[in-house]
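Participant: Turn this into a structure:
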Amino acid sequence: MTGKFGLSAALTTPFMQDGTIAIDAMIKQAERALSSGCDSITLFGTTGEGSSIGTRERADILASCLSAGISPKNIVVGVLVDSAQDAADQAFAALDAGVRNILLAPPSYFKNVSDDGLFDWFSSVFSQIGSTARDILVYNIPSVTMVTLSVELVGRLKQAFPGIVVGVKDSSGNWPHTERLLKEHGDLIILIGDERHLAQGVRMGGQGAISGCANFLPAEIRAMAVEGKDDKRVQDLVVELLKFPVTPAVKVLVSYVTGETIWHTVRPPLVSISAEDRKKIEAAFGSLFSKQAA
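Facilitator: Predicted coordinates for the structure are as follows:
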């Protein structure tokens, strides 16, 4: 891809009460994001509960998005699995459909793994994808995976797999780590996953963000992710959201700005935010932003 990465909405996934995916509502949310300032959407990321979405469902959702006229060049696909074979299969299917990037998380079942072990796992994934491997963003989100992608490991992957490993989404929330990535690997696409550090990171050379908050604040997050403009309101909102399980909390605000209650539902093992806590989240949002129109 040419040009900077820009802003990708880490798309939330709407579930019916019986747990099935409401694909029409998901496509509508994708179109809303793309028409409101997002350069792309990211399917099956952390905010999209990607680890809870099966292979057949992934295929149905991606096919439905493409059939609805969403260009594959505006789609990033998250891969959040432990088996190198499963990771390769999911990535291959998405790349074969022409998507912009793969957001690839490290395996997370085994803890305290070494950089050597992680390097070998990524190597196995890329080998199994084969000649179509390209445009991989490795995903550092240790608060979820309990695995840190070290600055040194990123360097090894970059050197060993040019054109395949093209960037990092750093959702560590650890500014010194993010700063080192920007300074030592500025030739890669460095995406800042923590909106509290986003504008500062972009001013240092970061190329944008894959952001859950872009589901309901696309214009505000774009100003941070593309122009490097600080927005204390967004930073304060993130602090409030982090008082709750983040993915269900984000869905509360998607529901709030769209008026669609379907977004309250999450898949196990996540649990929906209680009505009492929904009011707290909505009040925090309302005190910082006027209610956004759908």
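
Participant: Do a quick rundown of the helices in the stretch 1-150 of the chain.
Facilitator: Remark: helices assigned in the stretch 1-150 of the chain by DSSP state H, counting those that start in this stretch are 23-35, 55-67, 84-96, 115-129, 142-145.

Participant: Quick one: residues contacting residue 282.
Facilitator: Each residue near residue 282 by Cβ atoms under 8 Å, 6 or more residues apart in numbering is listed here: 252-253, 256. Just so you know, the C-beta spots here come from the backbone N, C-alpha and C atoms, and that holds for glycine as well.

Participant: Counting neighbours, which bits of stretch 67-82 end up buried?
Facilitator: By neighbour count on 16 or more other Cβ atoms under 10 Å, the buried set for stretch 67-82 is 70, 72, 74-81.

Participant: Please read the previous query as pertaining to stretch 200-219.
Facilitator: Buried, per 16+ other Cβ under 10 Å, within stretch 200-219: 200-202, 204, 206-218.

Participant: same deal with stretch 222-235?
Facilitator: So, applying 16+ other Cβ under 10 Å, buried residues of stretch 222-235: 222-226, 228, 231, 234-235.

Participant: Next: stretch 175-188.
Facilitator: So, applying 16+ other Cβ under 10 Å, buried residues of stretch 175-188: 177-182, 185, 188.

Participant: Which of those sits closest to residue 126?
Facilitator: Distance to residue 126 across those (Cβ to Cβ) is lowest for residue 188, with 15.7 Å.

Participant: Not counting sequence-adjacent ones, nearest residue to the closest one?
Facilitator: In space, and not counting its chain neighbours, residue 188 is closest to residue 167: 4.8 Å by Cβ to Cβ, 6 or more residues apart in numbering.

Participant: In CSV, list the contacts of residue 282 along with pLDDT, distance to residue 95 and neighbour count.
Facilitator: Formatted as CSV, the contacts of residue 282 follow (pLDDT from 0 to 100; distance: Cβ to Cβ, whole Å; neighbours: other Cβ atoms under 10 Å):
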residue, pLDDT, distance to residue 95, neighbour count
252, 98, 33, 22
253, 98, 32, 25
256, 97, 35, 18
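
Participant: Quick one: residues contacting residue 267.
Facilitator: 15, 19, 49, 52-53.
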